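Novice: structure for this input, please:
(one chain, ligands or ions: 1)
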Amino acid sequence: MPKDSKLNLTHRPRRLRRQSSRRILVEETVLRAADLIAPLFVVEGEGAPEPIASMPGVSRFNVADLVRECRELYDLGVPAVALFPKLDAKLKNPEGTEALNKATLVLRAVRAVKAAVPELTVITDVALDPYTSHGHDGVLTAAGDDVDNDLTVGILCEMAVLQAEAGVDFVAPSDMMDGRVGAIRKALDAAGYTGTGILAYSAKFNSAFYGPFRDAVGSATAAGTRLLSKATYQMNPANRREAIREVQLDVAEGADIVMVKPAGLYLDIIREVRNSTRTPVAAYQISGEYSQIQAAAQLGWLDLVRCRDESLLAIKRAGADMILTYFAKEVAKALAKK
Ligand code: PBG
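Specialist: Presented below is the predicted three-dimensional model:
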């Protein structure tokens, strides 16, 4: 084509991209600190924060430091935190009985955080994996070859009531047992906690990317194995229709918010869930998603800040109303400077 040739084009989408002030006018998705939920790990004692090797930049906090972290997050505009306890191995047993101890670590943490930062929304996981010696989310069948659904649901209901009593705003069943959302709703209401919400891990997939989280809460090595399969309760990553079915069941059972997890590899699921329900949708950018970006950045292969921001923008664009992410604080800080 000659050098001076001009195409006779009516449509030149590039007109909208000429300078940043034009680009911003037509920007469709904006990430806010208010979209973020910070997952935080808590440990017993008064020690210094314990860095988690497989999650650079993430540490486990003692209760006092956790409270400080929560206040900082709230002041940065992050409206919610999700708390995960890491228990001493000697408190774990096959039944996960420590989960029903009224003075267990996470309940003390909730009380401390709610007392110090009452406006912050506090979420706690309802699942037995931090408490069981085998690291599964529930108790095992008599034969020991599977997680017993109905027995587990009963325990989860008690756990949810204890969390509500401690003052959480949302309980978040992350266990994937059948019927747990409805049972937990009934148990909360019967105990008088009609205002405590349920953020349901509705479409939670059996992902290999949970690895670093299992290091963080010590559930990977609980049974001396990293080959812990949760395939009989977490969803097959191959399934899309089934995700919608799980969401519909949880909404029917009374979920206030439904969640898709992981997020970045499951953007199609987030979009389909978004289109299939009027219930708010959360997405969890899980530990492995976070650590991949951190690792590549450490190697100098990817730009940490730009990849972080793009990964979260994509999750929001897919349809998530809120995102659990280990990047919450750094992103909120960056947004506060803008
Ligand atoms: C377990 C639970 C998991 C996560 C949150 N709650 C992992 C699992 O199912 O083993 C994963 C979060 C992450 O990877 O960041 N109830």
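Novice: ok, the residue of the stretch 1-150 of the chain found nearest the ligand - contacts?
Specialist: Going by Cβ to the nearest ligand atom, the ligand is nearest to residue 127 of the stretch 1-150 of the chain, at 3.6 Å. (C-beta placed from N, C-alpha, C; glycine too.) Counting by Cβ atoms under 8 Å, 6 or more residues apart in numbering, residue 127 makes contact with 137, 138, 156, 173, 174, 175.
Novice: which phi and psi does it have?
Specialist: Dihedral pair for residue 127: phi -170, psi 160, per degrees, to the nearest 10.
Novice: swap in residue 147?
Specialist: phi -90, psi 130.
Novice: how many other residues sit next to it?
Specialist: 21 (other Cβ atoms under 10 Å).
Novice: let's see the pLDDT reported for the residue nearest to it when sequence neighbours are not counted.
Specialist: Leaving out its chain neighbours, the residue that sits closest to residue 147 by Cβ to Cβ, 6 or more residues apart in numbering is residue 138, at 4.1 Å. Note for residue 138: predicted pLDDT of 95.
Novice: repeat for residue 215
Specialist: 87.
Novice: ditto for residue 239
Specialist: 98.
Novice: distance-wise, check it relative to residue 268.
Specialist: Counting by Cβ to Cβ, to the nearest Å, the gap from residue 239 to residue 268 is 11 Å.
Novice: hmm, the lengthiest helix in the chain in reach of the ligand?
Specialist: In the chain, with assignment by DSSP state H, the single longest helix is helix 149-166. No. Helix 149-166 stays clear of the ligand (Cβ under 6 Å from any ligand atom), getting no nearer than 10.8 Å.
Novice: show me what counts as buried in that helix.
Specialist: 149, 151-153, 155-157, 159-166 (16 or more other Cβ atoms under 10 Å).
Novice: pick the one among the residues you listed closest to the ligand.
Specialist: Closest to the ligand, out of all of the buried residues of helix 149-166 and judged by Cβ to the nearest ligand atom, is residue 156, at 10.8 Å.
Novice: which residues touch that closest one?
Specialist: So, once contact is read as Cβ under 8 Å, 6+ apart, residue 156 ends up touching 126, 127, 128, 138, 173, 175, 177, 180, 183, 184.
Novice: look up how far residue 162 lies from it.
Specialist: Residue 156 is 11 Å from residue 162, by Cβ to Cβ.
Novice: ok, residue 296 next?
Specialist: For residue 296, the distance to residue 162 - Cβ to Cβ - is 40 Å.
Novice: could you do residue 242 as well?
Specialist: In terms of Cβ to Cβ, residue 242 sits 31 Å off from residue 162.
Novice: and for residue 212?
Specialist: 28 Å.
Novice: ok, residue 98 next?
Specialist: Counting by Cβ to Cβ, the gap from residue 98 to residue 162 is 11 Å.
Novice: same deal with residue 133?
Specialist: 21 Å.
Novice: now do the helices in the stretch 101-250 of the chain.
Specialist: Residue ranges of the helices in the stretch 101-250 of the chain, as given by DSSP state H, counting those that start in this stretch, are 105-116, 149-166, 180-190, 211-217, 241-253.
Novice: mean pLDDT lowest where, among those?
Specialist: Across the helices of the stretch 101-250 of the chain, the lowest-scoring stretch is helix 211-217, with a mean of 89.
Novice: which residues are in contact with that one?
Specialist: 41, 52-55, 58, 60, 84-87, 129-130, 135, 220-221, 226, 228, 286-288, 290-291.
Novice: and the residues you listed, which are buried?
Specialist: Members of these classed as buried by 16+ other Cβ under 10 Å are 41, 52, 54-55, 58, 60, 84-87, 129-130, 135, 220, 228, 286-288, 290-291.
Novice: near the ligand, which of these show up?
Specialist: 129, 286, 287.
Novice: of those residues, closest to residue 318?
Specialist: The shortest approach to residue 318 among those belongs to residue 286, at 15.0 Å (Cβ to Cβ).
Novice: return the residues in contact with residue 243.
Specialist: 202, 203, 235, 260, 269, 272, 273.
Novice: now the first one: how far from residue 29?
Specialist: Applying Cβ to Cβ, the value for residue 202 to residue 29 is 23 Å.
Novice: more neighbours, those two?
Specialist: A count of neighbours by other Cβ under 10 Å puts residue 202 above the other of residue 202 and residue 29, at 30 against 10.
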